[in-house]
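Enquirer: Kindly generate the corresponding structure for this input.
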Amino acid sequence: MEFTFKRSAQFTALLLLAAAITQAVYTALYISAPDVSRLFLWGIESFLFLMLAAFAGSAMVQTQKLHVGWAAIAMSAVLNIVQVGVGLTMFGPFFEAVGNVEGLQPAAMSVVAYSFMVYNAAKVLIALAAIVFGMAALNNGSKALGGVTVLVGVVAMVANTLSMALGRDFSGELPIAGASGVLVTVLLAIALFSQDNDD
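Expert: Reported below is the predicted structural model:
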């Protein structure tokens, strides 16, 4: 099977949708059943992000335009692999150690903070990609899709940048960074599907 630009772009869009679904499921489980293990979901996400890095990278080198958008998607996938890897390999041992070693709580929380910082950085890149492809949709006459994608992209970029700089509690109880990040991922996928078949 030859992975043409069109095929790579379509796979990228599908993988973005799948990643948004897993993140929504993860959040729902975290809220409704916090004691349920989410390691299986993290494992699925690891695979999705690896494939996303490959297919977005493939589209990036095949396309004749919008390179920043494709690069942002590929690099966000790499950052997400790092973030999921921290969760899979470090959260368990650190929090187990917290129960046995006095004074280790700050170190464990720093690992969590690092994980969220990487997560927010990946969402900033996804937001950048959404702005790039949203502007392209506007230029191609898709004013509704392009306008909404750009608007949500700007909100997600600002919210996740603030989360990186100020911590994830900058907005209080409102999950602005996470929610806008998931929504902009879905809009980005739709924008990729609606693109012209030409590169």
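
Enquirer: Quick check: pLDDT value at residue 195.
Expert: What the model reports as pLDDT for residue 195 is 75.

Enquirer: residue closest to the middle of the protein?
Expert: residue 123 (4.7 Å; CA atoms, centre = their mean).

Enquirer: burial count for the closest residue to it other than its chain neighbours?
Expert: Nearest non-adjacent residue to residue 123, counting by CB to CB, 6 or more residues apart in numbering: residue 181, 3.7 Å away. C-beta here means a position set from N, CA and C on the backbone, and glycine is covered the same way. By the criterion of other CB atoms under 10 Å, residue 181 has 28 neighbours.

Enquirer: how about whichever helix in the chain runs longest: buried residues?
Expert: The longest helix of the chain (DSSP state H) is helix 105-139. Buried residues in helix 105-139, defined by neighbour count with 16 or more other CB atoms under 10 Å: 108, 111-112, 115-138.

Enquirer: Ok, stretch 55-74 next?
Expert: Buried, per 16+ other CB under 10 Å, within stretch 55-74: 55-60, 62-63, 66, 69-74.

Enquirer: Return the worst-scoring helix or strand of the chain on mean pLDDT as PDB; C-alpha atoms alone will do.
Expert: Least confident helix or strand of the chain, by mean pLDDT, DSSP states H and E, is helix 92-98 with a mean of 81. Only the C-alpha atoms of helix 92-98 are listed here, as PDB (Å, rounded to 0.1, in the frame of the first residue of the first chain):
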ATOM      1  CA  GLY A  92       2.500   4.400  40.100                       C
ATOM      2  CA  PRO A  93       6.000   4.100  41.600                       C
ATOM      3  CA  PHE A  94       6.100   7.700  42.800                       C
ATOM      4  CA  PHE A  95       2.700   7.600  44.500                       C
ATOM      5  CA  GLU A  96       3.500   4.200  46.000                       C
ATOM      6  CA  ALA A  97       6.700   5.600  47.400                       C
ATOM      7  CA  VAL A  98       4.800   8.600  48.900                       C
END
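
Enquirer: elements contacting that helix?
Expert: Counting contacts by 3 or more CB pairs under 8 Å, 6 or more residues apart in numbering; DSSP states H and E, helix 92-98 packs against helix 105-139.

Enquirer: Spell out, range by range, the helices that occur in the chain.
Expert: Along the chain, counting by DSSP H, helices occupy 5-32, 39-62, 67-86, 92-98, 105-139, 143-166, 176-193.

Enquirer: Mind telling me which of those helices the model trusts least?
Expert: Of all the helices of the chain, helix 92-98 carries the lowest average pLDDT, namely a mean of 81.

Enquirer: Need the contact partners of that one.
Expert: 104, 105, 107, 108, 111 (CB atoms under 8 Å, 6 or more residues apart in numbering).

Enquirer: with the residues you listed in mind, which one is nearest to residue 34?
Expert: Lowest distance from residue 34 to the contacts of helix 92-98 (CB to CB) belongs to residue 108, with 17.0 Å.
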